[in-house]
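Peer 1: Sequence and computational prediction follow.
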Amino acid sequence: MAGNWWRNTVLQQLSRSPLSTAVVFLALEDGSEVITFPRLNWAVVATAFAAVLGIAIGLLILVSSAHFDEPQPPTPTPPASCAPFCPTPT
C-alpha cells in the first residue's frame, strides 16, 4: 500500500507534463532544435526532499546518541533472602 502511494503520488507528479509525459524533441522550420522536459510540481519535490532530509537528520541523531563501544553493565543479582519483603504465612 505504501509503495503504491509513493509511486502514484510522488513519482507521477515528478514525471507529469500537461501535454505529454515524455521528453519532446522538436525540429523547427528555421533548423533549430527544441527539447522540452516534463513540468515538475515543485511542492511535491520540496515535500519529498524535506521528508528525506528529516529522516536523515533523525537517523543521524539516533545513531550519534547510541553507545556502541561501551560494554553492557552487569545485571544485578537478586538477594539471597527476601528479609524485609518476605510474605507472611497465612
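Peer 2: Received the coordinates, thanks.
Peer 1: pull the longest helix from the protein.
Peer 2: In the chain, taking DSSP state H as the definition, the longest helix is helix 42-64.
Peer 1: Can you point out the buried residues in it?
Peer 2: 44, 48 (16 or more other Cβ atoms under 10 Å). For glycine as for every other residue, the C-beta is placed from the backbone atoms N, C-alpha and C.
Peer 1: Now do it: which elements does it pack against?
Peer 2: Applying 3 or more Cβ pairs under 8 Å, 6 or more residues apart in numbering; DSSP states H and E, one finds that helix 42-64 makes contact with helix 12-14.
Peer 1: hmm, back to that, using PDB, list the CA coordinates for the longest helix of the chain.
Peer 2: Extracted C-alpha coordinates of helix 42-64, given in PDB (Å, rounded to 0.1, in the frame of the first residue of the first chain):
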ATOM      1  CA  TRP A  42       7.800  21.800  -7.000                       C
ATOM      2  CA  ALA A  43       5.600  21.500  -3.900                       C
ATOM      3  CA  VAL A  44       5.800  17.700  -4.200                       C
ATOM      4  CA  VAL A  45       9.600  17.800  -4.900                       C
ATOM      5  CA  ALA A  46      10.100  20.100  -1.900                       C
ATOM      6  CA  THR A  47       7.900  17.900   0.400                       C
ATOM      7  CA  ALA A  48       9.800  14.700  -0.700                       C
ATOM      8  CA  PHE A  49      13.100  16.500  -0.200                       C
ATOM      9  CA  ALA A  50      12.100  17.700   3.300                       C
ATOM     10  CA  ALA A  51      10.900  14.200   4.200                       C
ATOM     11  CA  VAL A  52      14.200  12.600   3.100                       C
ATOM     12  CA  LEU A  53      16.200  15.300   4.900                       C
ATOM     13  CA  GLY A  54      14.100  14.800   8.100                       C
ATOM     14  CA  ILE A  55      14.600  11.100   8.100                       C
ATOM     15  CA  ALA A  56      18.300  11.500   7.500                       C
ATOM     16  CA  ILE A  57      18.600  14.000  10.400                       C
ATOM     17  CA  GLY A  58      16.500  11.700  12.700                       C
ATOM     18  CA  LEU A  59      18.800   8.800  11.900                       C
ATOM     19  CA  LEU A  60      21.800  10.900  12.500                       C
ATOM     20  CA  ILE A  61      20.600  11.900  15.900                       C
ATOM     21  CA  LEU A  62      19.600   8.400  16.800                       C
ATOM     22  CA  VAL A  63      23.000   6.900  15.800                       C
ATOM     23  CA  SER A  64      25.100   9.700  17.300                       C
END
